[in-house]
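>>> I'd like to go over a predicted model; first the sequence, then the structure.
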Amino acid sequence: MHLILSILLLFINDICADESFISNDEYAKMLYKNPRGIGCDKCHGEHGEGKEISSYISGNNKISLIGPRINNLSIKKFRKALEKGKRLMPEYFLTDVEKVYLYYYLTKQKKKGAEFAKNNKK
Ligand code: HEC
């Protein structure tokens, strides 16, 4: 299954390249920002570079709630994270093809938003 999806990812640019109403790039971006639920960008940043969702002060410490960087993961790890329940992240009901599109979008975004990602390395 994993292999099939990886191959699909390689060819996704060619699939319906001419006939599609919106381009694959546009569709992937739309899905990232509006995945039938709160947009991924709200917590992971415009380019998947990671983002501070919120912060509060506890005593003398500032506690930050961080949406982690997600544009540098393997497709396996990416899919897995979307399948099992997370602590803070909402649950989505995405199809495999939608996950591949999201992964495709984020891979292309990898170079963007580098500043935040650099300052918030895990
Ligand atoms: C409400 C904020 C929020 C939204 C919206 C959200 N996430 Fe997350 N996500 C998180 C947080 C926080 C984590 C870290 C694990 C946790 O605490 O749940 C995470 C973890 C992940 C991980 C695993 C990262 C790793 O290093 O293992 C992936 C992949 C991911 N999210 C993808 C997405 C995608 C794709 C979307 C949109 C469909 C999305 N997230 C929407 C907050 C969010």
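That came through fine. Numbering: from 1, shown residues only.
>>> just the strands in this protein please.
For the chain, strands defined by DSSP state E occupy the ranges 51-58, 61-67.
>>> near the ligand, which residues of the protein?
Within the chain, the positions near the ligand by CB under 6 Å from any ligand atom are 35, 38, 40, 42-44, 53, 67-68, 70, 73, 77-78, 81-82, 86-90, 92, 102. No exception for glycine: its C-beta is placed from N, CA and C like everyone else's.
>>> ok now do the residue nearest to Gly113 when sequence neighbours are not counted, which residues does it touch?
Distance criterion CB to CB, 6 or more residues apart in numbering; nearest residue to Gly113, sequence neighbours excluded, is Glu49 at 2.9 Å. Contacts were defined as CB atoms under 8 Å, 6 or more residues apart in numbering; by that measure Glu49 touches 69, 71, 109, 112-117.
>>> Repeat that for Ile70.
By CB under 8 Å, 6+ apart, Ile70 lies in contact with 40, 44, 48, 50, 78, 81, 106.
>>> what's the answer for Gly45, then?
Shown in contact with Gly45 (CB under 8 Å, 6+ apart): 51, 67, 69, 113, 116.
>>> 6 Å instead?
Contacts for Gly45 (CB atoms under 6 Å, 6 or more residues apart in numbering) come out as 51, 113.
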